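Q: Got a sequence here, can you build the structure:
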Amino acid sequence: MKTSRLLSVILIIAILTTSFLSISSAGIDSDSAHSGYKKLAKLSKAEVVQLTTDKNISDYMNFYITQPSVTAPYSLGEVRADMQQNALDKMNAYRRLAGLDPVTINSKYTHLAQSAALTNAAINTMTHYPSRPENMPDAMYNDGATGASQSNIACYMGYTPTDGPLSFSVDLWMEDSDQYNIDRLGHRRWVLNPAMGVTGFGCATGTSGWVYTAMYAFDSSAITYDYDFISWPPSGYMTNDTKFFTTDCAWSISLNPKKYSFNFTDVAVTITDSYGNEWEFNGDGYDDGFFNTDLGGYGCNRNAIIFRPNMSFLENFNGKYTVTVEGLQEISGTPTTLEYTVEFFSAEEFRKNPTTETTTATTTETTTETTTETTTETTTETTTETTTETTTETTTETTTETTTATTTELSTEPSTETTTEKPPVVQTKKGDVNGDGKLTASDARAALRMSAKLDIPTLSQFAAADVNGDGKLTASDARIILRVSAKLQTF
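A: Numbers count the residues shown, from 1 in each chain. Below is the predicted model of the structure:
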């Protein structure tokens, strides 16, 4: 981390006081570019707070209208409609924050996702390539195998999220920052795939108590509109006290392949905060955190610049963080620089003291935007990407028992090739908040700090720390962990 700041950086910040984002190049519109579609207005703080507020479900411990049968005779069962809708709403909240259009659910993809979840639950294994469960009919198994190979999948045990297992799984796929997935963030890139127009969700509980979920990912039916890049966290306002983004999450940028060359050899990223502190990344071995570039075809963008600053000393992000990416090239080969700003704020504080927000919206189409900032709409583009498969697996537990795990597929240009990479699934013990595989007083201390909001937990830490399973993190959880570590009681 660097604490000095050049005059040029100071001037850039001054220029950005009325615009969250600019791109400097001859071929890319520097006046209106921001994460996602230019046709969409930037979001106000009030809109961001609304989108990042979880919707809890009544009777959330009961997932099904009809319980799936994971032993012979098998049956798909039926997941509650409000559970599916809540997952769709969560996914669309992430997409709107990133500047993308919503997706819908259809029965075909729901069937494939439910078949995938059932097949994995039947063999008690999370995999994109499930073996055939004993005595499962051919047609049912074929649907399960197809669904599993074309979906984001997840599993967890011992924890019941109040927004439902499917909505919770969307959070896992978006976080995607564990050691097995951070180098490509495939799950996140599927959720934020501009070409996706339709999806479906599935859920089934195995005989061992593991809950298996799936989200169909291989749709490319949407019309895509003009955009320069998709970033997470997105440019503009972002809450710093919700699970949508924390200091443990990786930052990512996916460039529009119709505008940018993917020669990332000389790419360098700098994050500059409001105080002039800088974090630099260029892959030279002296990065201020994790850094990688990836050209895997997760979704239609087929590229990602990934970085995570070392910010362990921060409880959360606060204020403006300007991201500058140098060493990029337009599709023509012309050098270009990308720059945008994320402004973090507290949703809790905003609810207490909402402010009146002014707008400075402009468009080049016939519509007038009335929310924040400036957007334009230019060309309409259609994507017709087909898909091949690749697997990644994530662990971001939420468990009073052990774990959650997630995986995702790869889609590329038309091709029939597949890959079979399968990183291992990591399991975390109940109460093992620091993830070292042991249960000690250090875990109790970490849980206590999180319950007092001195530290913000990741999803996996929350899951491990919520040992009483009430969906909250309190001093009671810390006390139980301490007593168990001292062998005064058991879970």
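Q: is it fair to say residue 154 lies in a strand?
A: Yes. Counting by DSSP: H, G, I helix; E, B strand; the rest coil, residue 154 falls inside a strand.
Q: Would you confirm that it contacts residue 203?
A: No. Counting by CB atoms under 8 Å, residue 154 does not reach residue 203; the two are 9.7 Å apart. C-beta here means a position set from N, CA and C on the backbone, and glycine is covered the same way.
Q: ok, and the closest non-adjacent residue to residue 301?
A: Distance criterion CB to CB, 6 or more residues apart in numbering; nearest residue to residue 301, sequence neighbours excluded, is residue 254 at 4.0 Å.
Q: for the one you found, which residues make a bridge with it?
A: residue 230 (DSSP bridges).
Q: So for the chain, the centremost residue is which one?
A: Nearest residue to the geometric centre of the chain (CA atoms, centre = their mean): residue 174, 1.2 Å.
Q: which SSE is that one in?
A: helix 165-175 (DSSP states H and E).
Q: just residue 92 next, same as before
A: For residue 92, the element it lies in under DSSP H and E is helix 81-97.
Q: count of residues packed around the residue nearest to residue 301?
A: 29 (other CB atoms under 10 Å).
Q: ditto for residue 66
A: 11.
Q: Kindly report the same for residue 194.
A: 26.
Q: wait, it sits on residue 229?
A: No. Look at residue 194 against residue 229 with CB under 8 Å: they stay out of range, at 10.7 Å.
Q: Each with direction, which strands does the helix or strand containing residue 322 pair with?
A: In the assignment (DSSP H and E), residue 322 maps to strand 319-330. The pairing partners recorded for strand 319-330 under DSSP bridges are strand 260-261 (antiparallel), strand 268-273 (antiparallel), strand 335-345 (antiparallel).
Q: got the angle between the helix holding residue 92 and helix 165-175?
A: Angle between the axes of helix 81-97 and helix 165-175 is 20 degrees (criterion: axes from the mean of the first three to the mean of the last three CA atoms, to 10 degrees).
Q: So residue 488: helix, strand or coil?
A: Taking three-state DSSP, the label given to residue 488 is coil.
Q: quick one: it from residue 475, how far?
A: 16 Å (CB to CB, to the nearest Å).
Q: ok, those two, which is more surrounded?
A: Set side by side, residue 488 and residue 475 show more neighbours around residue 475, with 12 against 9, by other CB under 10 Å.
Q: Out of the strands paired with strand 319-330, flag the one nearest residue 207.
A: strand 335-345 (43.4 Å; CB to CB).
Q: Can you show me the helices along the protein?
A: For the chain, applying DSSP state H gives helices covering 7-15, 45-51, 81-97, 107-123, 138-149, 165-175, 186-191, 347-352, 441-451, 459-465, 475-485.
Q: Report the contact partners of residue 324.
A: Taking CB atoms under 8 Å, 6 or more residues apart in numbering as the criterion, residue 324 is in contact with 12, 269, 270, 272, 337, 338, 339.
Q: Which among the residues you listed count as buried?
A: 12, 269, 270, 272, 338, 339 (16 or more other CB atoms under 10 Å).
Q: Do I have it right that the fourth one meets residue 280?
A: No. In terms of CB under 8 Å, residue 272 does not count as a neighbour of residue 280; the distance is 9.6 Å.
Q: tell me, how many neighbours does residue 224 end up with?
A: 22.
Q: list the contacts for the nearest residue to it once chain neighbours are set aside?
A: Distances taken as CB to CB, 6+ apart put residue 194 closest to residue 224, at 4.6 Å, once the chain neighbours are dropped. For residue 194, the contact set (CB under 8 Å, 6+ apart) comprises 36, 37, 100, 222, 224, 227, 230, 299, 300, 301, 383.
Q: Just the pLDDT for the second one.
A: If you check residue 37, the pLDDT there is 97.
Q: Per-residue pLDDT of the closest residue to it other than its chain neighbours, please?
A: Once flanking residues are discounted, residue 37 sits nearest to residue 225: 4.5 Å by CB to CB, 6+ apart. pLDDT, residue 225: 96.
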